[in-house]
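Colleague: Next comes the sequence, and after it the predicted model I'd like to discuss.
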Amino acid sequence: QVQLVESGGGLVQAGGSLRLSCAASGGTIANSAVGWIRQAPGKEREFVAGRGESGVYYAESVKGRFSITKDNGKNTVYLQMNGLKPEDTAVYFCAARASAVLTSVPATYKFWGRGTQVTVSS
C-alpha cells in the first residue's frame, strides 16, 4: 500500500514561491500517474497539475505558474509554485493512481496524502 506524505506548505506573500514535496513509501510510484489537487474552504476540489505516461496537465488557473515533476529515484513528486496569488490559498493534496494513465478526475486516484496548507497573503 503506497503512502504519500506532503511537505513544503506555508505562508507566503503574493508573488512569492513555494515548492511542495510528496514522498511516497510502501511502494513505488515510478509507473503511476501522479497529481496535485487543492481544496479551499467552501470550494470543490480542484485538480491543478498531473503527470502521467502521456505527459502533463495543468489547470488553466495555474498554467504558466506551477510545474509538476517526479523523481523516480527518490520516489517523490514536486509541485513548484511561482507567482502565487491569494486565490491559490488551499490545502494541497498529492495523489497517485494505480496506473500510468493521466486523468484530471480526483476520484480516479487511489492513493492520497493528508495534505499541506498553503496560504498566500495579499
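Modeller: In hand now; what should we look at? Here the structure is a predicted model, which means the values were calculated and not measured.

Colleague: How many neighbouring residues does Lys110 have?
Modeller: 13 (other CB atoms under 10 Å). C-beta: built from backbone N, CA, C; applies to glycine.

Colleague: Where does the prediction get shaky in the protein?
Modeller: Within the chain, no stretch has pLDDT under 70.

Colleague: Val48 reaches Phe66, doesn't it?
Modeller: Yes - Val48 is within contact range of Phe66, at 6.4 Å (criterion: CB atoms under 8 Å).

Colleague: any residues in contact with both of the two?
Modeller: Common neighbours of Val48 and Phe66 (criterion: CB atoms under 8 Å, 6 or more residues apart in numbering): 36, 58, 79.

Colleague: Tell me which residue is most central in the protein.
Modeller: In the chain, the C-alpha closest to the average C-alpha coordinate belongs to Trp36, at a distance of 2.1 Å (CA atoms, centre = their mean).
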